[in-house]
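Novice: Starting from these lines, generate the structure:
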Amino acid sequence: MFSSYNRDARPPYLLGLLGFVPLVGAFVGVALILYGLIKYHDRKLVLIGVACVLFTVFAYASLGIFSRSEDFQKRFVSISKDELNGLVKNVEFYKVQHGQYPDSLEELTKEDKMIFIYDPVQKIHSKQPNFRYKKSGDNYYLFSAGVDGMDNTSDDIYPVPPVMKTGKTGLLIPGK
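Specialist: Numbering: from 1, shown residues only. Modelled structure (predicted):
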């Protein structure tokens, strides 16, 4: 009934190809290490398993390093511009609904969870990861602090919204 284990069976070296799929590769690597040590007693299979695990660790470590670089963050500038333009529309619509501008961007998200106030240019561990917003009387400031994460510097990103039907928004842009 039960077939006996064939000691002459060839170890599954080709499973090592799954090691190039980062997260899956780690699990396959651990399995290959265990197969190599316990079932096949094959050093080559163990080495392939170790290589799979190391590839996954290297892949995720490099993603973490690159995501913190300024060049990586600069690629998100155009996304920030688009998101800021959409936020202007949301802020203006809030005023139409409530008769005044919101005190903070978080007020927008209370009514619509789909409104995106997170600034993609900011570092993941930034103390202020959201777009900058400040209500000023019957107007407001809205911008991204840019790659350096500091307000009122040369790399700040401001929205350039399409002209509203009324032709006027409460958006203030410093220096204009």
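Novice: the bottom helix or strand of this protein by mean pLDDT?
Specialist: helix 70-74 (a mean of 66; mean pLDDT, DSSP states H and E).
Novice: Around residue 103, how many other residues sit close by?
Specialist: Neighbour count for residue 103, taken as other C-beta atoms under 10 Å: 11. Heads up, the C-betas are built off the backbone N, CA and C, glycines and all.
Novice: same thing with residue 116?
Specialist: Neighbours of residue 116 using other C-beta under 10 Å come to 18.
Novice: quick one: it and residue 85 touch, right?
Specialist: No: with contact defined as C-beta atoms under 8 Å, residue 116 does not reach residue 85; the gap is 11.7 Å.
Novice: any shared contact partners between the two?
Specialist: Shared contacts of residue 116 and residue 85, defined by C-beta atoms under 8 Å, 6 or more residues apart in numbering, are absent.
Novice: Mind checking what secondary structure the closest residue to residue 155 other than its chain neighbours has?
Specialist: Nearest residue to residue 155, sequence neighbours excluded (C-beta to C-beta, 6 or more residues apart in numbering): residue 146, at 3.3 Å. With DSSP: H, G, I helix; E, B strand; the rest coil as the basis, residue 146 sits in coil.
Novice: Got phi/psi on residue 146?
Specialist: Per-residue torsions, residue 146: phi 80, psi -170 (degrees, to the nearest 10).
Novice: residue contacts, it?
Specialist: 77, 121, 153, 155-157.
Novice: From residue 76, how far out is it?
Specialist: Distance, residue 146 to residue 76, by C-beta to C-beta, to the nearest Å: 10 Å.
Novice: Which neighbours do these two have in common?
Specialist: residue 121.
Novice: What segments of the protein are strands?
Specialist: 132-136, 139-143, 171-172 (DSSP state E).
Novice: mean pLDDT for the ones you listed: which is lowest?
Specialist: Lowest mean pLDDT of the strands of the chain: strand 171-172, a mean of 88.
Novice: quick one: contacts for the residue nearest the centre of the chain?
Specialist: Residue closest to the average C-alpha location in the chain (C-alpha atoms, centre = their mean): residue 120, at 7.2 Å. Taking C-beta under 8 Å, 6+ apart as the criterion, residue 120 is in contact with 76, 79-80, 83.
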